[in-house]
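Enquirer: here is a sequence together with a model predicted from it:
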Amino acid sequence: MSSLTVKNLKKSFGSTQVLKGIDLSIEAGQFLTLVGPSGCGKSTLLNIIAGLETPSTGEVWIGDRNVNRLGPKDRDIAMVFQNYALYPNMNVRKNISFGLEMRKVPKGEQDRIIDRVARMLQIEPLLDRKPAQLSGGQRQRVAMGRALARDPKLFLFDEPLSNLDAKLRVNMRAEIKELHQRLGTTIVYVTHDQIEAMTLGDRIAVLHNGEVQQFGSPSDIYENPANRFVAGFIGSPS
Ligand code: ADP
Ligand code: MG
């Protein structure tokens, strides 16, 4: 697992500056939530960390590597999106192993990895099913299994629970937190839901107007909001 540092990151689309100089740093094993209202640039920031977008200026470091010039495949990251696109024609086992096959992981090792993540996420009974035969929560668990199978340096989540109903969202939240505590993975987790951000994160970055309004632990932010925006946003019902 790796630390992550983002230095003076800026991004414009045409004449619109979406990120105006973002500085963030977390240690290996920490859980960072990026929270802010819709359209504030959360996904743009996450996509730059992933290498899916290039910044206008600034740097991204994963551990002691400056990854600015590396493509997504060379950054040793795994991403889980809101629309966790599983391969519809492959069963769950194949969905998880496909990326391993692409990377020429030997078959025996693939089977061991599948067993491990299936046990971890309690999806063993689902391995032979197709995505269409799964519930929303089960699909999301498979998407996480696919990410976990890669054993990456860094996990990136972009609103992974937004499409689930409220009860399932709360369950999955607890599962993700438990998984983090068990595995000690470094996670950057994007959400527009302040409760989710506060319950999941060791560190929270509140984003608004292209800037980090506050960066701190949940209790820092709850007890000493840096400005009116943070106080209003964190204090409002989700
Ligand atoms: P969030 O994830 O916080 O909802 P986004 O990062 O998706 O926000 O978007 C931030 C802003 O950047 C929005 O105003 C969005 O319209 C704009 N934006 C995002 N991607 C692009 C793009 N590829 N081209 C032009 N504008 C974009
Ligand atoms: Mg987004």
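Expert: Received the coordinates, thanks. Numbers count the residues shown, from 1 in each chain. Ligands and ions are numbered 1, 2, ... in the order given.

Enquirer: bridge partners for the closest residue in space to residue 25 that isn't next to it in sequence, pull those for me.
Expert: Once flanking residues are discounted, residue 25 sits nearest to residue 5: 4.5 Å by Cβ to Cβ, 6 or more residues apart in numbering. (Each C-beta comes from the backbone N, C-alpha and C, glycine too.) With DSSP bridges as the criterion, residue 5 is bridged to residue 25, residue 61.

Enquirer: any idea how far residue 230 is from residue 5?
Expert: 22 Å (Cβ to Cβ, to the nearest Å).

Enquirer: where in the chain is pLDDT low?
Expert: Applying pLDDT under 70 to the chain flags residues 237-238.

Enquirer: hey, which helix is longest across it?
Expert: helix 166-183 (DSSP state H).

Enquirer: next one: the helix or strand just after that one to chain centre, how far?
Expert: For helix 166-183, the following helix or strand on the C-terminal side (DSSP states H and E) is strand 187-191. Relative to its chain's centre, strand 187-191 lies at 4 Å (Cα atoms, centre = their mean, to the nearest Å).

Enquirer: so strand 187-191, near ligand 1 or not?
Expert: No: using Cβ under 6 Å from any ligand atom, we find that strand 187-191 stays clear of ligand 1, coming within 6.6 Å at best.

Enquirer: just the helices in the protein please.
Expert: Using DSSP H, helices in the chain cover 42-50, 92-102, 107-120, 136-148, 166-183, 194-200, 218-223, 228-235.

Enquirer: for the ones you listed, give me JSON lines that also has mean neighbour count and distance to ligand 1.
Expert: Output for the helices of the chain, formatted as JSON lines (neighbours: other Cβ atoms under 10 Å; distance: least, Cβ to the nearest ligand atom, whole Å):
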{"stretch": "helix 42-50", "mean neighbour count": "22", "distance to ligand 1": "3"}
{"stretch": "helix 92-102", "mean neighbour count": "18", "distance to ligand 1": "25"}
{"stretch": "helix 107-120", "mean neighbour count": "15", "distance to ligand 1": "28"}
{"stretch": "helix 136-148", "mean neighbour count": "22", "distance to ligand 1": "18"}
{"stretch": "helix 166-183", "mean neighbour count": "15", "distance to ligand 1": "18"}
{"stretch": "helix 194-200", "mean neighbour count": "20", "distance to ligand 1": "13"}
{"stretch": "helix 218-223", "mean neighbour count": "15", "distance to ligand 1": "18"}
{"stretch": "helix 228-235", "mean neighbour count": "16", "distance to ligand 1": "13"}
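
Enquirer: how many residues are close by the residue nearest to residue 25?
Expert: The number of residues packed near residue 5 is 17, by other Cβ atoms under 10 Å.

Enquirer: roughly how far does it sit from residue 58?
Expert: Computed as Cβ to Cβ, the residue 5 to residue 58 distance reads 11 Å.
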